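Novice: Sequence and computational prediction follow.
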Amino acid sequence: DAKTTQPPSMDCAEGRAANLPCNHSTISGNEYVYWYRQIHSQGPQYIIHGLKNNETNEMASLIITEDRKSSTLILPHATLRDTAVYYCIVRVVNNAGNMLTFGGGTRLMVKP
Amino acid sequence: NAGVMQNPRHLVRRRGQEARLRCSPMKGHSHVYWYRQLPEEGLKFMVYLQKENIIDESGMPKERFSAEFPKEGPSILRIQQVVRGDSAAYFCASSPGTSGSAYNEQFFGPGTRLTVL
């Protein structure tokens, strides 16, 4: 799986949009971009994933650049409960299933 | 619609004892993954199982650690003769393993926190 690079930490004001960047310049054509987050002491939580088109769900939006070398996770209205470590992971998706390779992630602190 | 369940949530063992961690996947999920998170570190993959089969154990230490996912019942991660370095949070995840948009998403349990005295 391709390696990802994320800033180690970010702050965001409550109610504002949180934009979390991720670089994955060596991504292959068959690799998806996945985002998970881990709120303190809890199990990781799936947020969203995409291949090349932008994606949106009830939690977040995922913007993938046209060359797919980077992406941004957007939490449109961050709340204090969004304080967590956010992991960007690129991986091949196939019927056999495969593990998630977690990097250091970005520690997002949402402040009042 | 229960999520992934793990028990116990907290486990304390003395050096040399055995630790057994259990994971019940989400209903309908046939794939189970185990991850370990050492204090202040990221999650590291250990093993991937399907019913009655170990598919990938490349992340599991060669000694003292074993995993199973029997036809009936939960998946078990077993650590024999625990040492202080085994103290960590152990997370289990499951996925459907069949085709479809969600077939490869992994859903995590709350984890088991193992403390070795």
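Specialist: Nice, thanks for sending it over. Bear in mind the structure is a predicted one, so any value in this text is a computation, not a measurement. Numbering: from 1, shown residues only, chains lettered A, B, ... in the order given.
Novice: Could you tell me which residues of chain B lie near chain A?
Specialist: Applying CB under 8 Å from any CB of the partner chain, we find that chain B lies next to chain A at B:4, B:31, B:33, B:35, B:42-45, B:48, B:55-56, B:59, B:89, B:91, B:93, B:95, B:97, B:99, B:103-111. All C-beta spots, glycine's among them, are computed from the backbone N, C-alpha and C.
Novice: The same query, at a cut-off of 7 Å, please.
Specialist: By CB under 7 Å from any CB of the partner chain, the part of chain B that sits against chain A consists of B:31, B:33, B:42-43, B:45, B:48, B:56, B:91, B:95, B:97, B:99, B:104-111.
Novice: filter the residues you listed to the buried ones?
Specialist: B:31, B:33, B:42-43, B:45, B:48, B:56, B:91, B:95, B:97, B:104-111 (16 or more other CB atoms under 10 Å in any protein chain shown).
Novice: in the chain, which ranges drop under the pLDDT threshold?
Specialist: Using chain A. A:1-2, A:94-97 (pLDDT under 70).
Novice: not what I meant, chain B
Specialist: If you take pLDDT under 70 as the line, chain B has these spans: B:1, B:97-104.
Novice: rewinding a little: mind checking which of the buried ones among the residues of chain B next to chain A are in strands?
Specialist: Among these, the residues falling in strands (DSSP state E) are B:His31, B:Tyr33, B:Leu43, B:Phe45, B:Tyr48, B:Asp56, B:Phe91, B:Ser95, B:Phe107, B:Phe108.
Novice: quick one, what contacts the last one?
Specialist: When contacts are counted by CB atoms under 7 Å, 6 or more residues apart in numbering or on different chains, B:Phe108 is found next to A:Gly43, A:Pro44, A:Gln45, B:Val4, B:Phe91, B:Ala93.
Novice: measure the first one to B:Leu117 for me?
Specialist: A:Gly43 sits 25 Å away from B:Leu117, taking CB to CB, to the nearest Å as the criterion.
Novice: Looking at the two, which is more packed in?
Specialist: A:Gly43 (23 against 10; other CB atoms under 10 Å in any protein chain shown).
Novice: so what's whatever residue of chain B ends up closest to chain A bridging to?
Specialist: At 3.4 Å from chain A, B:Phe108 is the closest residue in chain B, using CB to the nearest CB. Beta-bridge pairing for B:Phe108 (DSSP bridges): B:Ala93.
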